[in-house]
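Enquirer: 3D, please:
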Amino acid sequence: MEDQVLKAMKEAGKPVRPGDIAKSLAVDSKDVSKAIDALKKAGKIHSPKRCFYEPVA
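Expert: Down below sits the predicted model:
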């Protein structure tokens, strides 16, 4: 799931909300939120503004 979320963020090309990722992947937003938490802890993504996330360059 983390790989899918990260890929979706890269494809978006801009900061995205977890709900938007869930819609594009057709999965539950709770699953996306868990993946985002793991990606944040791993330092692979960051939040440029509240509730939006993007991959670390």
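Enquirer: From the contact counts, what lies against the longest helix seen in the chain?
Expert: Longest helix in the chain, counting residues (DSSP state H): helix 29-41. Secondary-structure packing of helix 29-41 (3 or more Cβ pairs under 8 Å, 6 or more residues apart in numbering; DSSP states H and E): helix 2-12, helix 18-25, strand 45-49, strand 52-55. To be clear about C-beta, it is placed using only N, CA and C from the backbone, and glycine gets the same treatment.
Enquirer: Just send those back as a markdown table, with distance to residue 33, mean pLDDT and mean neighbour count too.
Expert: Converted to a markdown table, the helices and strands packed on helix 29-41 look like this (distance: least, Cβ to Cβ, whole Å; pLDDT from 0 to 100; neighbours: other Cβ atoms under 10 Å):
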| stretch | distance to residue 33 | mean pLDDT | mean neighbour count |
| --- | --- | --- | --- |
| helix 2-12 | 10 | 97 | 16 |
| helix 18-25 | 5 | 97 | 17 |
| strand 45-49 | 12 | 96 | 13 |
| strand 52-55 | 10 | 97 | 18 |
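Enquirer: Enumerate the positions of stretch 23-38 that are buried.
Expert: Of the residues in stretch 23-38, 24, 25, 29, 31, 32, 35, 36 count as buried by neighbour count, 16 or more other Cβ atoms under 10 Å.
Enquirer: The residue nearest to residue 48 when sequence neighbours are not counted: what's it in contact with?
Expert: With sequence-adjacent residues excluded and distances taken as Cβ to Cβ, 6 or more residues apart in numbering, residue 48 is closest to residue 15, at 5.1 Å. Going by Cβ atoms under 8 Å, 6 or more residues apart in numbering, residue 15 touches 47, 48, 49, 52, 53, 54.
Enquirer: I'd say the last one and residue 14 touch.
Expert: Yes: here residue 54 lies in contact with residue 14, judged by Cβ atoms under 8 Å, at a distance of 7.0 Å.
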